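**Q** 3D, please:
(one chain, ligands or ions: 1)
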Amino acid sequence: MQNKDDFRYEDCEETARWLLDRVQSPPVIAIICGSGLGLLADTLTDIKTFDYVQIPHFPTSTVAGHSGQLVFGILQGKSCVVMKGRFHVYEGYPLWKVTLPIRVFKLLGVKVLMVTNAAGSLCETYSTGDLMIIRDHINMPGLAALNPLRGPNDERFGPRFPSLWDTYDKDLRSTALEIARRLGHTDLIHEGVYCMVGGPNFESVAEARFLQRLGADAVGMSTAPEAVVAKHCGMRVFGLSLITNRVAQAYEMVDSVDHTSVLEVGKQRSNVLQELVTELVKSINFKEEDKQELA
Ligand SMILES: O=P(O)(O)O[C@H]1O[C@H](CO)[C@@H](O)[C@H]1O
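**A** The predicted model follows:
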């Protein structure tokens, strides 16, 4: 059963074709910039930029710190596409639309998705400005059927019932950890569980306590749907959270988080993220079958 609220494979194809007609080389790696992390795109050379409003079927960015541009270019000799701005369910988009770019990237030939985000810490040992490699996620909206895979399944993308046990690629995680240590960031790098909530409000104290007891180390309002769709269509996924604030879990704690301070931490830390992502991209070796597919 297909209705106007479902995604259409043909729309993704049309978007992919539109982009392929306009870029030099199809990307193999896609990078999504979280709130205030758009500077990641500055590491690319030979760039070609499209505003989201130009691209057929693409949603538009409505959140500060998400400039709404798709940047194609080269990083460490690899063809990449960078989303300067992602879509969130609290903006009013259905989840299939939030994740439409991932399916378009799949059709462009992307093999690896790197997602970054700003997140609040629920973990005692994390400080503002730290980085968390995402080991796993809790998709809160997904558990209540707000899932990007809801609706008719198109087997051309992936199976009806995908397994998510290994969503965040083990090799990429361990390589990123090694890189961070080599770059001298041992004190600020962690590996943990990201929990997605719907937003747009930040968490109440009782909610923060609840999420922490569920096993979440950091909380944000994105990423899980993108990772689910990428895993569904067979991409390797790497996720990185920048800890922009500590989420209050006691009524005595003052929690002064707001979006402006989130963006400010992003600006301060973008060089560390750039460094780590650049080195990780450098480390990726594509398998023979990937190269053949791209030839
Ligand atoms: O997840 P990203 O897009 O990095 O943004 C995070 O920052 C915003 C809140 O300041 C929310 O959108 C939250 O999800």
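
**Q** can we go C-alpha only for contacts and neighbour counts from here?
**A** Fine.

**Q** just the helices in the stretch 51-200 of the chain please.
**A** 95-98, 100-108, 140-143, 170-182 (DSSP state H, counting those that start in this stretch).

**Q** Could you point out which of the ones you listed sits nearest Asp21?
**A** Minimum separation from Asp21 across the helices of the stretch 51-200 of the chain (CA to CA) falls at helix 100-108, 10.9 Å.

**Q** Gly239: which element?
**A** strand 236-246 (DSSP states H and E).

**Q** typo on my end, it should be Ser270
**A** Going by DSSP H and E, Ser270 is part of helix 259-283.

**Q** confidence score at the closest residue to the ligand within the stretch 151-295 of the chain?
**A** Nearest to the ligand in the stretch 151-295 of the chain, going by CA to the nearest ligand atom, is Met221, at a distance of 3.4 Å. At Met221, the model reports a pLDDT of 98.

**Q** Return the residues in contact with Lys231.
**A** By CA atoms under 8 Å, 6 or more residues apart in numbering, the contact set of Lys231 is 162, 164, 167, 237.

**Q** Measure how buried the second one is and give me the count.
**A** Think Leu164. Leu164 is flanked by 13 other residues according to other CA atoms under 10 Å.

**Q** hang on, isn't it packed against Val228?
**A** Yes. In terms of CA atoms under 8 Å, Leu164 counts as a neighbour of Val228; the distance is 7.5 Å.

**Q** correct me, but Pro141 touches Gly199?
**A** No. The pair formed by Pro141 and Gly199 falls short of the contact definition of CA under 8 Å, at 10.2 Å.

**Q** more crowded one of those two?
**A** Pro141 (18 against 14).

**Q** how much space between the more buried one and Val82?
**A** 26 Å (CA to CA, to the nearest Å).

**Q** need the residues of the stretch 101-250 of the chain near the ligand, please.
**A** By CA under 6 Å from any ligand atom, the residues of the stretch 101-250 of the chain that approach the ligand are 117-119, 220-222.

**Q** So, low pLDDT: which residues of the stretch 1-150 of the chain?
**A** 1-5 (pLDDT under 70).

**Q** ok, 50 please
**A** 1-2 (pLDDT under 50).

**Q** which stretches of it form strands?
**A** For the stretch 1-150 of the chain, the strands defined by DSSP state E, counting those that start in this stretch cover 29-33, 45-51, 69-75, 78-84, 112-121, 131-139.

**Q** Quick one: closest of these to Ala248.
**A** strand 112-121 (8.9 Å).

**Q** what does that closest one contact?
**A** By CA under 8 Å, 6+ apart, strand 112-121 touches 28-37, 127-128, 217-220, 222-223, 227, 230, 235-247, 262, 266.

**Q** List buried residues within those residues.
**A** Those of the contacts of strand 112-121 that meet the buried threshold are 28-37, 127-128, 217-220, 222-223, 227, 230, 235-247, 262, 266, by 16 or more other CA atoms under 10 Å.

**Q** now the farthest one out in this protein, which residue is it?
**A** Ranked by distance from the centre of the chain (CA atoms, centre = their mean), the top residue is Glu252, with 33.0 Å.

**Q** ok, now which ones touch Ser127?
**A** 121, 188, 243, 245-246.

**Q** Would you mind giving these as a markdown table with distance to Tyr90 added?
**A** Conversion of the contacts of Ser127 to a markdown table gives the following (distance: CA to CA, whole Å):
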| residue | distance to Tyr90 |
| --- | --- |
| Ser121 | 20 |
| Leu188 | 30 |
| Ile243 | 20 |
| Asn245 | 20 |
| Arg246 | 22 |
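
**Q** so what's Leu263 up against?
**A** Neighbouring residues of Leu263 by CA under 8 Å, 6+ apart: 35-37, 65.

**Q** can we see that at 7 Å?
**A** By CA atoms under 7 Å, 6 or more residues apart in numbering, the residues touching Leu263 are 35-36, 65.

**Q** Pro27 too?
**A** When contacts are counted by CA under 7 Å, 6+ apart, Pro27 touches 79-81, 108-110.

**Q** can you check Ile55 too?
**A** Per CA under 7 Å, 6+ apart, neighbours of Ile55: Thr15.

**Q** Can you read off the backbone torsions of it?
**A** For Ile55, the backbone dihedrals (degrees, to the nearest 10) come out as phi -90, psi 130.

**Q** tell me, what residue is most central in this protein?
**A** Short answer for the chain (CA atoms, centre = their mean): Val115, at 2.6 Å.

**Q** what about the closest residue to the ligand within the stretch 51-200 of the chain, how many neighbours?
**A** Using CA to the nearest ligand atom, the closest approach of the stretch 51-200 of the chain to the ligand is made by Asn117 at 3.3 Å. For Asn117, the neighbour count with other CA under 10 Å is 25.
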